[in-house]
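Visitor: here you go, sequence then predicted model.
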Amino acid sequence: MNEKKVLQVIKKKSDMFTKGKHKGKSICSILLDDPSYILWLDMQEIVEFSDEIIEEAEEKDDSRDYSIGDMPENWGDLD
């Protein structure tokens, strides 16, 4: 069985990303600038977010629905 490992659990909007292209930024900041990134991380089970954060990201996201094959190349970068 090939299970993914959640790399970070985020419960509050004041929490900070510890990896990826938004490393060192608060969730609140990313909700304003790039909510689709939060949704992608959640969909990929890379980061576990509170329901409140996911709901807010869904409300703010104005991008089209992506399939895994057409996500921007750097969205999965975790370093």
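Guide: Received it, and whenever you're ready, just let me know what you need.
Visitor: quick one: pLDDT of residue 1?
Guide: We have a pLDDT of 47 for residue 1.
Visitor: also residue 77?
Guide: 61.
Visitor: one more: residue 67?
Guide: pLDDT, residue 67: 54.
Visitor: same check on the one 3 residues further on?
Guide: Reading off the confidence values, residue 70 has pLDDT 57.
Visitor: ditto for residue 29
Guide: Note on residue 29: pLDDT of 94.
Visitor: show me what contacts it?
Guide: Under the criterion of Cβ atoms under 8 Å, 6 or more residues apart in numbering, the contact list for residue 29 reads residue 22. C-betas here are computed from N, CA, C, even on glycine.
Visitor: assumed it was part of a helix.
Guide: Yes: per DSSP: H, G, I helix; E, B strand; the rest coil, residue 29 lies within a helix segment.
Visitor: residue contacts, residue 48?
Guide: 6, 8-10, 42.
Visitor: for residue 8, same thing?
Guide: 17-19, 46-48 are the contacts of residue 8 under Cβ under 8 Å, 6+ apart.
Visitor: in strands only, show me these.
Guide: Counting by DSSP state E, these place 47-48 in strands.
Visitor: sweet, I'm off.
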